[in-house]
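Chemist: my questions concern the predicted model and sequence given below.
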Amino acid sequence: MQYIPHLRTFYRPDTVFNQGTYPYYAYPNIIEDDTNIYDFSPYPDDSNCTARPNLDKLIKEVYSDPNLKDVIWGYYMTEEASYQHFFNPTDFFHPDWNRVTPFNINTEVPPIMVSKAIEHFRQLNDSLGLEKNKLIVCEANHGREIFDSVIEHESIDTLNNLGCQPWMYIYPPIMGNNMPDVFFDGSYFSFVPYWFEQNYANKGFHYLGNFKTIDWAYTHVNEVHDLIGISANWYYTQKNPVDTSRLDTLLTWKSVFHSDTSIHNANWLWFQAYSSIIHGSKGIWFWDLQTAYQNHEPFNPNFTDRFTRAKFPEVYRNYVSPLARQLAFLVRKNILSTDSSTIIATKKDNHDLFNIVKPYEINTLQYPQNITGLTLDKFLDEHTYSDGTNRYVNDNYNLRYTIRSNGDETAMIVTNPLACAITTSLDFRGVAKDDIIRNAKNILFYLKKISHHLKL
């Protein structure tokens with residue numbers, strides 16, 4: 001097991017406070033020459049918490065310890081720096097960290113300050129022989145994709161909005177030579193029952209948007225990971241563009257895990273993980289255990305046995321843990337690997353260059369059928385163009401897959417982007433150059449029971 005410590009507390013916004021009703025409306029103006037503090041130690045003999053940790057000292061004396069350095073996978077440089085979070089503009093500790101006070105303000109972290117921090121910690125790591133410890137930027141555009149020039153539309157307020165956007169933190173013209181080693185897409189997606197009203201060609205809300213983000217991020221960095229939400233007392237809300245009343249009746253925290261909230265199979269969680277891998281994600285992470293407890297579950301961080309399985313949230317035990325074990329199984333078999341040479345073929349939202357997946361037919365509506373008046377015929381009719389083609393019968397929504405091999409075994413991971421049952425066929429003659437596929441005598445299906453028609 002490896003660990004990712006936070007370094008994002010390096011930022012100290014310099015402020016001038018407005019006159020107003022304290023504490024909730026006394027928002028400060030942010031001065032452009034903000035400060036990064038890496039070695040905060042005004043009271044070295046004080047054992048109490050201070051305004052920010054001495055990050056340099058932590059790295060030099062703890063994280064670089066020969067017995068510990070291999071436990072550190074990387075450092076979280078930002079967590080939604082483009083979104084307003086609480087930062088302490090003073091050099092004094094204040095316990096009321098989750099509201100606006102003179103000791104704590106809501107602000108973004110400008111990309112230039114993140115760039116300077118990456119430069120500092122990279123130089124420090126290099127000097128200590130910690131080059132393998134990765135510097136990570138995590139950004140999000142919840143429910144939507146990230147792309148160059150995207151504008152985020154969910155600022156808490158506009159009084160101290162610096163105009164920071166999620167794409168800026170891995171955009172070379174802004175970050176210069178101080179690009180992060182890894183980008184985490186921290187965008188959270190609840191499955192929406194009105195998915196069929198979201199246009200794939202648009203860059204707005206779309207339940208498949210985070211996979212586009214992974215593809216985009218690889219145009220700027222060499223390593224991308226997906227951060228999947230698992231909260232059981234929170235869900236990302238997005239208004240139905242047609243009928244906003246559906247939000248309250250059809251979207252609950254269960255939509256974080258299931259496409260059909262009456263069937264608790266966590267298929268939406270599985271789909272996100274494996275589709276992210278298909279799009280090239282080199283790691284799957286889950287956010288987060290503390291918010292994964294349901295209201296009826298006791299959570300006490302002081303439990304001495306809190307790391308025993310029984311004290312973990314139900315959704316972790318029932319859904320996240322089996323998925324993580326499944327992924328670990330594939331990693332141990334070297335089927336899932338960060339080595340690109342293990343990838344034989346991949347199809348994302350594009351035309352299948354290997355001609356494995358064939359045109360398909362939608363034959364059963366699943367989740368959308370609980371929307372009053374929606375039938376399969378109506379669904380198909382409403383989304384069929386004048387030329388006879390259908391919005392949901394194309395490469396964007398066809399099966400996505402990746403074929404991986406460890407040299408002895410070959411595995412194909414397939415996901416269906418539609419919340420519909422489809423009929424299709426797979427033809428492997430396009431990848432017959434792979435000895436394992438060409439010489440295969442039988443096929444073993446893992447994970448899901450499916451009806452199949454295969455050509456070998």
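Modeler: Perfect, I can see it now.
Chemist: can you pull the contacts of N363?
Modeler: In this structure, N363 makes contact with 376, 420-423, judged by C-beta atoms under 8 Å, 6 or more residues apart in numbering. To be clear about C-beta, it is placed using only N, CA and C from the backbone, and glycine gets the same treatment.
Chemist: okay, and it sits in which element?
Modeler: If you go by DSSP states H and E, N363 is part of strand 361-365.
Chemist: following that strand, which helix or strand comes up?
Modeler: Following strand 361-365 toward the C-terminus (DSSP H and E): helix 376-382.
Chemist: for that next one, name the packing helices and strands.
Modeler: strand 361-365 (3 or more C-beta pairs under 8 Å, 6 or more residues apart in numbering; DSSP states H and E).
Chemist: quick one: low-confidence parts of the chain?
Modeler: Counting by pLDDT under 70, the chain shows low-confidence ranges at 15-33, 42-49, 95-103, 153-162, 234-251, 301, 364-374, 441-456.
Chemist: would you map out the domains in it?
Modeler: As given by automatic domain parsing, the domain ranges for the chain are 8-338, 346-455.
Chemist: export these to CSV and tack on distance to M1?
Modeler: CSV is the format used below for the domains of the chain (distance: least, C-beta to C-beta, whole Å):
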stretch, distance to M1
domain 8-338, 8
domain 346-455, 23
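Chemist: pick the most buried one from those domains.
Modeler: By mean neighbour count, with neighbours taken as mean count of other C-beta atoms under 10 Å, domain 8-338 ranks first of the domains of the chain at a mean of 17.
Chemist: so for that domain, first residue to last residue, what's the gap.
Modeler: Terminal residues of domain 8-338 lie 27 Å apart, using C-alpha to C-alpha, to the nearest Å.
Chemist: same question, stretch 309-324
Modeler: Terminal residues of stretch 309-324 lie 14 Å apart, using C-alpha to C-alpha.
Chemist: again, but for stretch 207-225
Modeler: 18 Å.
Chemist: output the strand or helix carrying W270 as CSV, nothing but the C-alphas.
Modeler: Per DSSP H and E, W270 falls inside helix 267-278. The C-alpha trace of helix 267-278 is given here as CSV (Å, rounded to 0.1, in the frame of the first residue of the first chain):
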residue,chain,number,x,y,z
ASN,A,267,-23.2,-1.2,-12.4
TRP,A,268,-22.6,2.5,-12.8
LEU,A,269,-19.6,2.3,-10.5
TRP,A,270,-18.2,-0.7,-12.4
PHE,A,271,-18.9,1.1,-15.7
GLN,A,272,-17.0,4.2,-14.7
ALA,A,273,-14.0,2.2,-13.5
TYR,A,274,-13.6,0.0,-16.6
SER,A,275,-14.5,2.7,-19.1
SER,A,276,-11.8,4.9,-17.6
ILE,A,277,-9.3,2.1,-18.1
ILE,A,278,-10.4,1.7,-21.7
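Chemist: perfect, that will be all.
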